[in-house]
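> Structural data only, the sequence is not supplied:
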Ligand code: 5GP
């Protein structure tokens, strides 16, 4: 089945502030906000404001994102089999509890 990756998603409405959200970090290119259904004490979603725009990230923005990564589990759900629900590329940063592997 085709993946509707070019269609608008709920994250467009978050970027445009139509939907309230708790901002953790924001600049011209990147938005990080708390997941509405947190899977741990810390659950942040990091998204590029331009869809599929990761190649546009500056070094400083990359470094900021990776400093959270040092203390957290990073999850990317990719495609239908990966249980991706929102087709706007995003990274989950989850931490603050014991993680299990494999996740099952
Ligand atoms: P995935 O596509 O990787 O499965 O996950 C999408 C994530 O977006 C889920 O963890 C879900 O809880 C989160 N999410 C979906 N809708 C909203 C929303 O309106 N606000 C916020 N803050 N998170 C959302």
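Now that the structure is in, tell me what you want to look at. Predicted model, so just to flag it, every value in this text is computed and none were measured.

> what's the following helix or strand after the helix or strand of the chain with the lowest mean pLDDT?
None of the helices or strands of the chain scores lower by mean pLDDT, DSSP states H and E than helix 59-69, at a mean of 66. Heading C-terminal from helix 59-69, the first helix or strand you meet, by DSSP states H and E, is strand 73-75.

> and that next one, which residues are buried?
73, 75 (16 or more other CB atoms under 10 Å). From N, CA and C alone the C-beta is placed, and that goes for glycine too.

> Toward the C-terminus from it, list the very next helix or strand.
That would be, after strand 73-75 and using DSSP H and E, strand 91-95.

> name the helices or strands packed onto that next one?
For strand 91-95, the packing partners by 3 or more CB pairs under 8 Å, 6 or more residues apart in numbering; DSSP states H and E come out as strand 42-48, helix 59-69, strand 73-75.

> rerun that using 6 Å as the cut-off
If you count contacts as 3 or more CB pairs under 6 Å, 6 or more residues apart in numbering; DSSP states H and E, strand 91-95 packs onto strand 42-48, strand 73-75.
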